[in-house]
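Enquirer: What follows is a protein structure lacking sequence information:
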């Protein structure tokens, strides 16, 4: 990765002379390697300290072209590592830019320290015009409904305590972004003597907690009595040992497993106990498994009530016993409805789901193979034909062939990607979606994941829709600037196609012409030149791939270039119809 070293600065040798120097020292002691940012005058003091006190090391600044990208990069980094990265946003205007990305990170339950700032709270110190419009009362109120904790300290000493608390709080399960707003005046305050820096390195507190013995014994009792146990695996960690424990627990009880494309890989998709491909929405074959199960163990499954009671049982009574293990209730509030409906559970276990799996495996309860006779569902065709057009399944198959033989991480996939085309045998094989289901997060999250994967031997690969890429595409400049190897494929159908499907459904319901569904949806006339845009941002990008026969060679060349350390984009023109996964 490219380093940007300041001149005449040796990290760790400068004296703490200003309020922001003390803050930079604390950020270093917290172990934060990076801070993604768009420069802003409201934290010019901290910016100077990160460079001329800290030497632009731990944290190193990553320059971004939009605050939403800065947050998305921290989000992608946390998806890989499980650890928080810092992101800095300028005053109220930067925070307003960042809000959608913060909401994504909140819904995805990832840790992140967001550092904000404000013009002088003391009105007597404000410059005319600019300091007034960039100062707000209670700035954290902008994101309080979808962040875990926020503060606006009024002194250097209080700011040190606040940043230390924010870092600890965001790491504790359930994770979500925290926000600390720093008055420009306290950053620029000269210090007569250095303040005491909180000793954050002594904190060995656990970041998540396991189940109590009663919950473990009751779950074991239910598993022992079940004939057709089913595991719903949701938001779980990237630890490989925890992955292996999930497999071992399913095998011990002969439990079938359902996973979800909204989350990263949590179970090997090719395992016999994972009979159906995952989906963004619940596949019919998986709904049938839910209806047939006599015990359902949910491990932080997203929207358990909607999945079981509505999608699978159509509002009818649910006969199966249900155990739900999640810490998510700690984040529920009245504004955000991402807590979903009331879960129809027999046992609620407020604990880290992977710690419940460990506890169940450590018990001396005998194995009791289930009595399932379910067969794997036949993967649905995504609409391939023998002509020159490229369907999403063609893109998936060609990418799989191009990546064969060396590890890669599939960072993102578009909504039209069929779960049958996902092959996952490791927790980093697939990283999941963005949490908030908006548009524009994919490029930034791809850069953040590439940052976290640097040096791992895994090639970071993101497959993005054209709408997603166009909305957030300038985020990729940061990858080029810092020399982060990354491959992005754009599945370009020249539409906001999910909404085309919605308009067709509405027209059918109202007995109106479906042929008009494209109006207000097309991204064409003129066609955005995505390769030219990528090249202007420092990326390699050949001409768009428009025929299936050209796809294997184009992807093979792109993979080879990315593995050699390049940033590479391939614009693939795909057919907008035949998407098996649409339904949102």
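Expert: Cool, got the structure. If you're wondering where the values come from, they're calculated on a predicted model, not measured in any experiment.

Enquirer: Contact partners for the closest residue to residue 472 other than its chain neighbours?
Expert: Once flanking residues are discounted, residue 472 sits nearest to residue 440: 3.8 Å by CB to CB, 6 or more residues apart in numbering. Bear in mind the C-beta positions are built from the backbone N, C-alpha and C, glycine included. Neighbouring residues of residue 440 by CB atoms under 8 Å, 6 or more residues apart in numbering: 68, 100, 468, 471-472.

Enquirer: Residue 49 now?
Expert: Residue 49 sits in contact with 18, 20-21, 23-24, 187, where contact means CB under 8 Å, 6+ apart.

Enquirer: Among the residues you listed, which are located in helices?
Expert: Judged by DSSP state H, the subset of the contacts of residue 49 located in helices is 20-21, 23-24, 187.

Enquirer: Which parts of the stretch 251-400 of the chain are strands?
Expert: 256-258, 295-299, 321-325, 347-349 (DSSP state E, counting those that start in this stretch).

Enquirer: Would you reformat these as TSV and include mean pLDDT, mean neighbour count and distance to residue 229?
Expert: Below are the strands of the stretch 251-400 of the chain laid out as TSV (pLDDT from 0 to 100; neighbours: other CB atoms under 10 Å; distance: least, CB to CB, whole Å):
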stretch	mean pLDDT	mean neighbour count	distance to residue 229
strand 256-258	98	26	8
strand 295-299	98	27	5
strand 321-325	98	23	9
strand 347-349	98	19	14
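
Enquirer: of all those strands, which lies closest to residue 392?
Expert: Comparing the strands of the stretch 251-400 of the chain against residue 392 with CB to CB, the closest turns out to be strand 256-258 (22.3 Å).

Enquirer: elements contacting the closest one?
Expert: strand 229-233, helix 240-253, helix 284-292 (3 or more CB pairs under 8 Å, 6 or more residues apart in numbering; DSSP states H and E).

Enquirer: Tell me which residues of the helix or strand containing residue 409 come out buried.
Expert: Taking DSSP states H and E as the definition, one finds residue 409 inside strand 408-412. Using 16 or more other CB atoms under 10 Å as the test for burial, strand 408-412 gives 408-412.

Enquirer: any weak-confidence spans in the protein?
Expert: 374-386, 578-584 (pLDDT under 70).

Enquirer: and the longest helix for it?
Expert: helix 91-108.

Enquirer: Enumerate the positions of that helix that are buried.
Expert: For helix 91-108, a neighbour-count test (16+ other CB under 10 Å) marks 91-92, 94-95, 97-108 as buried.

Enquirer: and which of those is nearest to residue 479?
Expert: residue 101 (16.6 Å).

Enquirer: who are the neighbours in contact with the closest one?
Expert: Contacts of residue 101 (CB under 8 Å, 6+ apart): 67-72, 75, 441, 444.

Enquirer: ok, it to residue 73 distance?
Expert: 9 Å (CB to CB, to the nearest Å).

Enquirer: Overlap in contacts, those two.
Expert: The contact lists of residue 101 and residue 73 share residue 444, where a contact means CB under 8 Å, 6+ apart.

Enquirer: what's the most buried one of the helices and strands packed on strand 256-258?
Expert: Mean neighbours per residue, mean count of other CB atoms under 10 Å, is largest over the helices and strands packed on strand 256-258 for strand 229-233, with a mean of 26.

Enquirer: picking up where we left off before, can I get the buried residues of strand 408-412 in JSON lines including distance to residue 259?
Expert: As requested, those are exported to JSON lines (distance: CB to CB, whole Å):
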{"residue": "408", "distance to residue 259": "19"}
{"residue": "409", "distance to residue 259": "17"}
{"residue": "410", "distance to residue 259": "14"}
{"residue": "411", "distance to residue 259": "17"}
{"residue": "412", "distance to residue 259": "16"}
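
Enquirer: and which of those is nearest residue 538?
Expert: residue 411 (19.2 Å).

Enquirer: Would you mind measuring from the closest one to residue 555?
Expert: Counting by CB to CB, the gap from residue 411 to residue 555 is 16 Å.

Enquirer: And for residue 141?
Expert: 47 Å.

Enquirer: How about residue 144?
Expert: For residue 144 relative to residue 555 (CB to CB), the value is 45 Å.

Enquirer: next one: residue 150
Expert: From residue 150 to residue 555 the distance is 44 Å (CB to CB).

Enquirer: can you tell me which residue is nearest the centre of this structure?
Expert: The chain has residue 434 as the residue nearest its centroid, 4.3 Å off, counting by CA atoms, centre = their mean.

Enquirer: For that residue, which residues are in contact?
Expert: Residue 434 neighbours (CB under 8 Å, 6+ apart): 72, 75, 104, 107-108, 412, 441-442, 445.

Enquirer: Same check on residue 477?
Expert: Going by CB under 8 Å, 6+ apart, the list of residues near residue 477 reads 65, 537-538.

Enquirer: give me the element it is part of.
Expert: helix 476-481.

Enquirer: what element comes up after that helix heading to the C-terminus?
Expert: strand 486-492.

Enquirer: Give me the contact list for that following strand.
Expert: Residues outside strand 486-492 that contact it (CB under 8 Å, 6+ apart): 392, 395, 399, 414, 416-417, 443, 446-447, 450, 459-466, 469, 476, 479, 530, 534, 544, 555, 558-559, 562, 567-574.

Enquirer: In strands only, show me those residues.
Expert: 459-465, 567-573 (DSSP state E).

Enquirer: Of those - the most surrounded one?
Expert: The most neighbours of any of the ones in strands among the contacts of strand 486-492, using other CB atoms under 10 Å, belong to residue 570, which has 31 neighbours.

Enquirer: Is it possible to get a markdown table of the ones in strands among the contacts of strand 486-492 that adds distance to residue 348?
Expert: Formatted as a markdown table, these follow (distance: CB to CB, whole Å):
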| residue | distance to residue 348 |
| --- | --- |
| 459 | 40 |
| 460 | 37 |
| 461 | 38 |
| 462 | 36 |
| 463 | 37 |
| 464 | 37 |
| 465 | 37 |
| 567 | 46 |
| 568 | 47 |
| 569 | 45 |
| 570 | 46 |
| 571 | 47 |
| 572 | 45 |
| 573 | 48 |
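
Enquirer: Residue 179 touches residue 153, doesn't it?
Expert: No - the pair residue 179 and residue 153 does not pass the contact test of CB atoms under 8 Å, sitting 11.9 Å apart.
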